[in-house]
Structures are given as structure tokens and as C-alpha cells.
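Dropping the sequence and predicted coords here.
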Amino acid sequence: MQAEIIFTGNKLLLGEILNTNAQYLGRELFELGIEVLLHTTVGDNRTMLQSVLHNSFSRVDLLIITGGLGPAADDLIKETVADFWGLDMVLDEQTLRRIEKILAERGVTLTENLRKQALIPRGALVLSNPAGIAPGLLIRKEDKTVILLPGSPGELRAVFEGSAKKHLEAVAGGGIIMHSKVFKVTGISESQVQKKLNGGNSWDNPSISYVAIPGEVHVRITARADSERKARELLNQHSVLVEDKLEDYIFGRDNEVLEEVVGRLLVERGMTVSLAESCTGGQVMKRLSDIAGSSRYLLGGVVAYSNEVKISLLGVPRETINRYGAVSEQTARSMAEGVRKLTGSSLGIGITGIAGPDGGTPEKPVGLVYIALADKDNVFCRGYRFPGQRRGVRSGAANASLNMLRRYVLGI
């Protein structure tokens, strides 16, 4: 089944509010095996909405519309949909009694505007709203289905999860099954990822898509089949290809939170860690400490921006910095060793680099970062070239540091 979602409201068009409903509904419909072809945002304009309805139903079988169900004069959705399909508006007595009960509990008098929320297109199925007054609606005509949901995110979720989802499961059942997997990579640009995966555009089923955020690229592959087994087999086959091509850059999968994974591994192995950060400014320390119970494995850290702090607190030899520079493999190694000895942790991480926008040279450009990991016997170090601006470089370095820690603890 293919669907389109129409988000209504002038506030959305003007950017006054963030459309979190788009993310929520997209994710939920995907899990139901419903393919969303298009998102459309339209203001509180009846003529424009009618035009959008006409175009939408020429493309899809399922249309979900959010917003415009309240008592205000510009809440026009029900009436517009009813006009579009030639349906009368009728009073739903059960909905009216529920509205009266809620208003009485709040000490509010029922006005004609509030009573309007009990008017529904003839034949529509009322979807109860446990979080508010205006109910959702489901209307079917011939082979088309439209679902009207409140615009408030809390109410939209309450109506969707309380009743709309069950109806969608029924109409989506027996159709195409979709499964996806997301690979989170760092230390490589989106264009480089696409090149490694042979351009990606040649992928048909599974399909492939990319989302670039500062310091990361998310690669999603989506398999479609007429059965659960076939969809999963197809997804697994192509996942192996992505793993093989991007092995050195993958730091997480699906909804994995890297710092949580690292923390769990450290606890399982009875290990502790400490951080010496320069260009990341304490980002790795923050992410690890954001996880409840992190005191079991996180001993502490030093944000050593200046050379003097690197020398005085972490024990980096002055001659190392003079000879190789603050941004160097040698300095990163000394930082990792120094913070491990300073705190008495099992492992020490040292991070030094050039986040930009200034400070780069032809020999040491912006984006160059060295990350070192020290245990009681050895020090491991790797140099990275992170693409993007300052925020992306810092985020990428934090991801790579946590991933280095994860791989070390796993022994890979």
C-alpha cells in the first residue's frame, strides 16, 4: 500500500513550529509495511487543500491528513474532505456526549464552535482521542482511504496508537512486507560512502538512501517482498555487502546508542576508562556520562586544550610537542598514557586534532584528528581526516573515539 501525508496549518508553513509528526508517522507507517510516497504541507486554505486532495488521490490509496480538527474558524479539514467526496456533515451524538462530559469536568460551557467538533462527514468512523476533545476520523470511499488526525503531537499519537493503527494493520495486511537496516558511519563523507557502495543509485530492491548529519552518515537499506521471510533474506544478503564495504567506518546500527553499547561492554568485562580530550572539548566524556550508571566504568577526564595543560596534567613531554606538534600521533599517544596513569583506569583515550575553521596547514589540514587508546601494555593510535565544518569534525572524532573503544573491548 502506498500513502501520502498532508500536514495542514499556517504555522507549519511559516516555520513557527517543528513538524515532529512527519518523523513519527513516517516511522510508524514504514513499520506497518506502508510506503509513504510524499509529504505535503498546506496552509489553512480550503481551495488549496481541495487541489492537494485531487492530486493526492490520483497517486495513492491511503491519505493521512493532520491538523484542522479543532473548533477555530480556520479548522476546515473535515468540511473540505466532506465537500471533496460529496458527503453531508452530521452530528455524532456519542462524540457530542463525550465532549460535553469533558467540558463539564473542566467547568467550560459548550459553545457552538466547540459543538462543531462533534460534526463528522456522513459514514466516517470516529477514532477516539484519549488525549483531547477532537476525535480522529477514518473515511473510506471505493478503494480510497483517508484518515484525519489532530495536529497536536500528543493527541496525534494518542489517536494513532489507540485506534488508527489497528485499522491500518488490517488494510496493510497481506501486502508488500518491508524491512530496513541502518548503518551509522563516521570518518567518511556521503559521496565517498556512495562511491564505495557503487553509487547506490543502481540498487533497486533493496533500495538504499543516505542521510548526512554533522560527523556521521546514515545508510539505510530497505528490502521489499511478498513475505516476511523473503524480505529478511534479501535484507540480510545486502547487509553483508554494506558491512564488507564500510567495515572500517561503521560505528553503529539501527537505533544503537554507541556510548550505551560501550558502557555495557566495559561493565561486562570489568574495565574502566578515562579521557584526555583536546579538539572534542569533552564531548566523549559527556556522552559516556549521559548514560545512567556510568560511574561504574568512567573514572574521569581532562580537557587539555593548551599545550601547558597537556604537559603539566597529562605528562606529555615538552620535547614531543616541540618536535611533532600538539596535533600528532606522538602527542595523542602520550595523552592516552598520561590520563590512564593519572586516573588509574584500565584504558585511556587521547584525542587531539584541528577542528577548524582556522589552524589548518597543508601538512596538517582542518579535519585531521589523532585518536589513541592506551592499556597497561600498549598504545594504539590512528589518524583520521573528518569532512565538514567544526561541528562535524568534533562529532566525527567523538564517534570514532567511542568506536575505537568498542572495537578494542570486543577484540576486533
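Looks like it arrived, so ask away.

quick one, domains of this protein?
What automatic domain parsing lists as the domains of the chain is 2-172, 177-253, 258-410.

Just name the most buried of these.
domain 258-410 (a mean of 20; mean count of other Cβ atoms under 10 Å). C-beta here means a position set from N, CA and C on the backbone, and glycine is covered the same way.

ok, the closest residue to Leu13 other than its chain neighbours - contacts?
Using Cβ to Cβ, 6 or more residues apart in numbering and skipping residues adjacent in sequence, the residue nearest Leu13 is Gly43, 5.0 Å away. Neighbour list for Gly43: 8-10, 13 [criterion: Cβ atoms under 8 Å, 6 or more residues apart in numbering].

surely Ile221 meets Pro206?
Yes. Ile221 is within contact range of Pro206, at 4.4 Å (criterion: Cβ atoms under 8 Å).

Find residues that contact each of those two.
Shared contacts of Ile221 and Pro206 (Cβ under 8 Å, 6+ apart): 180, 235, 238.

mind putting those residues in TSV, secondary structure included?
Output for those, formatted as TSV (DSSP: H, G, I helix; E, B strand; the rest coil):
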residue	secondary structure
Ser180	strand
Leu235	helix
His238	helix
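
Which member of those is positioned nearest Leu258?
Looking at these and their distance to Leu258, the nearest is Ser180, at 19.6 Å (Cβ to Cβ).

so how far is Leu49 from the residue nearest to Leu13?
Gly43 sits 8 Å away from Leu49, going by Cβ to Cβ, to the nearest Å.

Please enumerate the shared neighbours of those two.
Residues touching both Gly43 and Leu49 comprise Thr8, with contact defined as Cβ under 8 Å, 6+ apart.

quick one: contacts for the residue lying closest to Arg318 once chain neighbours are set aside?
Residue nearest to Arg318 in three dimensions, not counting chain neighbours: Ile311, with 5.5 Å by Cβ to Cβ, 6+ apart. Counting by Cβ under 8 Å, 6+ apart, Ile311 touches 317-318, 321.

Okay, and Ile311 sits in which element?
Taking DSSP states H and E as the definition, Ile311 sits inside helix 307-312.

Show me what the very next helix or strand once past that helix is packed against.
Note on helix 307-312: by DSSP H and E, the next helix or strand toward the C-terminus is helix 318-324. Contacts defined by 3 or more Cβ pairs under 8 Å, 6 or more residues apart in numbering; DSSP states H and E place helix 318-324 against helix 307-312, helix 329-343.

wait, which of these is closest to Leu96?
Smallest distance to Leu96 across the helices and strands packed on helix 318-324 (Cβ to Cβ): 66.7 Å, for helix 329-343.

Show me the contact partners of the closest one.
In contact with helix 329-343 (Cβ under 8 Å, 6+ apart) are residues 274-276, 278, 299-302, 304, 310, 313-317, 320-321, 323-325, 345-352, 370-376, 379, 381, 383.

rerun at 6 Å
Identification of contacts with helix 329-343 by Cβ atoms under 6 Å, 6 or more residues apart in numbering yields 274, 276, 299-300, 302, 314-316, 320, 324, 348-350, 352, 370, 372-374, 379, 381.

Also stretch 123-134?
Applying Cβ under 6 Å, 6+ apart, the external contacts of stretch 123-134 come out as 69-70, 92, 95, 99, 102, 117, 135-139, 150, 154-155, 158-159, 162-164.

so how far is the lowest-mean-pLDDT helix or strand in the chain off the chain centroid?
One helix or strand of the chain scores below all others by mean pLDDT, DSSP states H and E: helix 165-172, with a mean of 82. The chain centroid and the centroid of helix 165-172 are separated by 25 Å under Cα atoms, centre = their mean, to the nearest Å.

now do stretch 182-190
Counting by Cα atoms, centre = their mean, stretch 182-190 is centred 14 Å from the centre of its parent chain.

Now tell me which of the domains of the chain the model trusts least on average.
Across the domains of the chain, domain 177-253 has the smallest mean pLDDT, namely a mean of 86.

Quick one: distance of that one to the chain centre.
For domain 177-253, the separation from the chain centroid amounts to 15 Å (computed by Cα atoms, centre = their mean).

now do stretch 156-171
Mean-position distance between stretch 156-171 and its chain equals 22 Å (Cα atoms, centre = their mean).

Contacts for it, please.
Residues outside stretch 156-171 that contact it (Cβ under 6 Å, 6+ apart): 21, 32, 127-131, 136, 138, 147, 149-150.

Relative to Asp74, which of these is nearest.
Asp74 lies nearest to Pro150 out of these, by Cβ to Cβ, at 14.7 Å.

What separation do you get for the closest one and Phe7?
Counting by Cβ to Cβ, the separation of Pro150 from Phe7 is 12 Å.

Over to Glu93?
Separation of Glu93 from Phe7 (Cβ to Cβ) stands at 31 Å.

Could you do Ala131 as well?
Counting by Cβ to Cβ, the gap from Ala131 to Phe7 is 19 Å.

do Asp254 as well
Computed as Cβ to Cβ, the Asp254 to Phe7 distance reads 26 Å.
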